[in-house]
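> build me a model:
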Amino acid sequence: MFTAVSLMASGGVWADAITGEVEKQPLNIAAIVMFFIFVGFTLGITVWASKQNKSTKDYYTAGGGISGFQNGLAIAGDYMSAASFLGISAMVFTSGYDGLIYSTGFLVGWPIVLFLVAERLRNLGKFTFSDVAAYRLGQTPVRLFAASGAILVVIFYLIAQMVGAGKLIELLFGMDYIYAVILVGVLMVCYVLFGGMLATTWVQIIKAVMLLSGATFMSFMILKNAGFSIETMFKQATDIHEKGTQILGPGSLVKNPIDAISLGMALMFGTAGLPHILMRFFTVPDAKEARKSVFVATGLIGYFYLLTFIIGFGAIIFVTKDNPHFFQQVLKEGKTVYELIGGNNMAAIHLSEALGGNLFLGFISAVAFATILAVVAGLALSGASAVSHDIYASVIRKGQATQQEEMRVSKMTTLALGVLAIIFGVMFEKQNVAFMVGLAFAIAASANFPVLMLSMFWKGLTTRGAVAGGFTGLLLALILIILGPTVWVSVLHHKEAIFPYGNPAIFSIPAAFIVGWLVSVLDNSEQAKKDREGFESQYVRSMTGIGASEASDH
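Numbering: from 1, shown residues only. As a prediction, the model looks like this:
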């Protein structure tokens, strides 16, 4: 995830992690070996998983047989992106304390998922969050809205991940950009096409363990150097950093109260609207395990983002001190300046070499690649299920599709998504793709989250209200981001943005709720009466789970 929020919120502060020119490095043999070990192992899991997939339930939700602890690890693997690992540590490396805003920001959405969404989602849904939104409402319009929102989030997210993969691998492995993008696309299709949710889950679990292990080792070595004293670590960093003690105070990353509140809303509510995160709750046997998985994920994610803060300060200490080989001379405005090779976003990568030599550099490089693979596999699966389950099986075939037909459509969609991801990845190589990730998160927070909340908690919601409210949030988020500084100025190169704020959440989220409420209140159709009458049975099911297991498969 992710990836998402910070790129959006910072208006492209981290954009150079996944855009612009990257100096291709010499072949890193240790990284290549570890990369092949990871790919070989995970492809072996995919072959094993493909033999377990006998139904749509197996393919979409791993048969509902993943334990709460395993699912918590997989959610953490899905959520801890390469851009957050590299990006937050880079922000701390350059700005110090301000990076903590994002470290904690990523975490604040999880209590909402834990207390409001996880249990009800598992009790009401089958395979996708559209099942929950359309539980008591008109199937066709609500599913079309939910699927279109999910597909938009997936595509925008996927493009940014593919460009990120190309740039990171070009830097770390010495591979040409286009081949890196094709490689990620092919592997993503293999995991999802043959292994389904079971393979994707284990790829995410392995990646989470690798990333947490690597980050823990880095943090341990940094703290060991400081005598396991945070105070000493801060002093070492302030002695070296050009801003001195200023890096321990808040700065100017969020420039005004509106942007600050808007960022907070997007961070909190976007998580509860991401289709590839919500889909993970259908892989556990019951609501108790769904709650447990969020609890485990919250702990692991919180631990990881605290480590990124230590890693950022460690980069200040180790990457800037006595290590000139991490820097290159660049001519800027007639002056020669020193810049980190690969940009500031490579601070954590260079730190790994400073702490553990070439072997650890190879490990962290492979982890960065594994991170991207795990995220794109989850995205592709949620995109494929939106088309095959929500649109084809539920809308076009009106629930009459056989499992074989649904699986065939899902696999065709996966192939199409893989081809699209590669084409877009190559097309957007030179573009600032920060706005795409921002758009994905804004749509999740502004369209998916309000409809999900209203359908589960408000008796008065009608089909017309859900669709009108959802599309209002979706379109408003889309338009405001295009008219805002992230796209209007950074991408389209106009002098001033029409919409002054980098984040539309403070406007688009309330708009979705208000329109959904207003249209529902004014709706006196026959369908509206049925929608309201269906709330009682939905509420009982969401709280007790009675009937949930029977609904898990078609």
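
> please make it C-alpha for all contacts and neighbour counts, starting now.
Noted.

> surely Val337 is within a strand?
Yes: assessed with DSSP: H, G, I helix; E, B strand; the rest coil, Val337 lies in a strand.

> so what's it up against?
The contact partners of Val337, by C-alpha atoms under 8 Å, 6 or more residues apart in numbering, come to 329-331.

> what's the closest of those to His350?
Gln329 (16.5 Å; C-alpha to C-alpha).

> burial check on the closest one, number of neighbours?
Neighbourhood size, Gln329 [other C-alpha atoms under 10 Å]: 12.

> state the distance from the closest residue to it other than its chain neighbours to Asn345.
Spatially, and ignoring its direct neighbours in sequence, Gln329 is nearest to Tyr338 (4.7 Å; C-alpha to C-alpha, 6 or more residues apart in numbering). Using C-alpha to C-alpha, to the nearest Å, Tyr338 is found at 15 Å from Asn345.

> and these two? Which one has more around it.
Asn345 (28 against 13).

> mind listing the strands for the protein?
327-332, 335-340 (DSSP state E).

> what's the closest of these to Glu170?
In terms of C-alpha to C-alpha, the element of the strands of the chain nearest to Glu170 is strand 335-340, at 15.9 Å.

> what angle separates that closest one from strand 327-332?
Strand 335-340 and strand 327-332 are oriented at 140 degrees to each other (axes from the mean of the first three to the mean of the last three C-alpha atoms, to 10 degrees).

> strand 335-340 pairs with which strands, and in what direction?
strand 327-332 (antiparallel) (DSSP bridges).

> what sits up against the strand it pairs with?
Residues outside strand 327-332 that contact it (C-alpha under 8 Å, 6+ apart): 336-341.

> so for it, mean pLDDT?
Average pLDDT, strand 327-332: 76.

> next: stretch 294-304.
For stretch 294-304, mean pLDDT is 91.

> buried stuff in it?
294-298, 300-304 (16 or more other C-alpha atoms under 10 Å).

> which among those residues gets closest to Ile222?
Closest approach between these and Ile222, by C-alpha to C-alpha: Phe304, at 15.1 Å.

> picking that back up, any chance of the strands of the chain in JSON lines, plus distance to Leu137?
Shown next, in JSON lines, are those (distance: least, C-alpha to C-alpha, whole Å):
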{"stretch": "strand 327-332", "distance to Leu137": "58"}
{"stretch": "strand 335-340", "distance to Leu137": "54"}
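
> re the thing from before, per-residue confidence at the residue nearest to Gln329?
As predicted, Tyr338 sits at a pLDDT of 76.

> ok, Met456 next?
For Met456, the predicted pLDDT is 90.

> run a quick neighbour tally on Met265.
Using other C-alpha under 10 Å, Met265 has 22 other residues around it.

> what sits against the residue nearest to Gln329?
Shown here is Tyr338, whose contacts under the criterion C-alpha under 8 Å, 6+ apart are 327-330.

> His241 too?
Neighbours of His241 in contact, by C-alpha under 8 Å, 6+ apart: Ile316.

> separation between it and Gly314?
11 Å.

> Ile205 too?
As judged by C-alpha to C-alpha, Ile205 and Gly314 stand 27 Å apart.

> higher neighbour count, these two?
Gly314 (30 against 22).

> the more buried one reaches Ser352, doesn't it?
No: assessed by C-alpha atoms under 8 Å, Gly314 is found out of contact with Ser352, at 10.0 Å.

> what sits against the nearest residue to Ile205 once chain neighbours are set aside?
The shortest distance from Ile205 to any non-neighbouring residue, by C-alpha to C-alpha, 6+ apart, is to Ala74 (4.6 Å). By C-alpha under 8 Å, 6+ apart, the contact set of Ala74 is 201-202, 204-205, 208.

> kindly reformat those as TSV containing distance to Pro111 and pLDDT.
Below are the contacts of Ala74 laid out as TSV (distance: C-alpha to C-alpha, whole Å; pLDDT from 0 to 100):
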residue	distance to Pro111	pLDDT
Thr201	22	92
Trp202	25	91
Gln204	22	91
Ile205	22	93
Ala208	20	93
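
> measure Phe327 to Ile169 for me?
As for Phe327, its distance to Ile169 is 19 Å (criterion: C-alpha to C-alpha).

> kindly report the same for Ala347.
Relative to Ile169, Ala347 is positioned 15 Å away (C-alpha to C-alpha).

> so for the two, which sits in the more crowded spot?
Each of Ala347 and Ile169 has its neighbours counted (other C-alpha under 10 Å); Ala347 has more, 29 against 24.

> that one reaches Ile317, doesn't it?
No: using C-alpha under 8 Å, Ala347 makes no contact with Ile317, being 11.0 Å away.

> just the helices from the stretch 201-350 of the chain, written as ranges.
Along the stretch 201-350 of the chain, counting by DSSP state H, counting those that start in this stretch, helices occupy 230-240, 257-271, 275-278, 287-319, 347-385.

> now do the stretch 401-550 of the chain
Applying DSSP H, counting those that start in this stretch to the stretch 401-550 of the chain gives helices spanning 403-427, 434-443, 449-457, 463-483, 505-522, 526-533, 535-544.

> deepest in the core, which of those is it.
Compared across these, helix 434-443 shows the largest average neighbour count, a mean of 31 (mean count of other C-alpha atoms under 10 Å).

> which residues touch stretch 492-508?
Residues contacting stretch 492-508 (C-alpha under 8 Å, 6+ apart): 8-11, 258-259, 261-263, 265-266, 442, 445-446, 472-474, 476-477, 480-481, 483-486, 488-489.

> tell me how far that stretch is from the chain's mean position?
The chain centroid and the centroid of stretch 492-508 are separated by 22 Å under C-alpha atoms, centre = their mean, to the nearest Å.

> one more: stretch 33-45?
23 Å.

> list the buried residues for it?
34-35, 38-39, 42-43, 45.

> what's in contact with that stretch?
By C-alpha under 8 Å, 6+ apart, stretch 33-45 touches 190-191, 195, 199, 202-203, 362-363, 366, 369-370.
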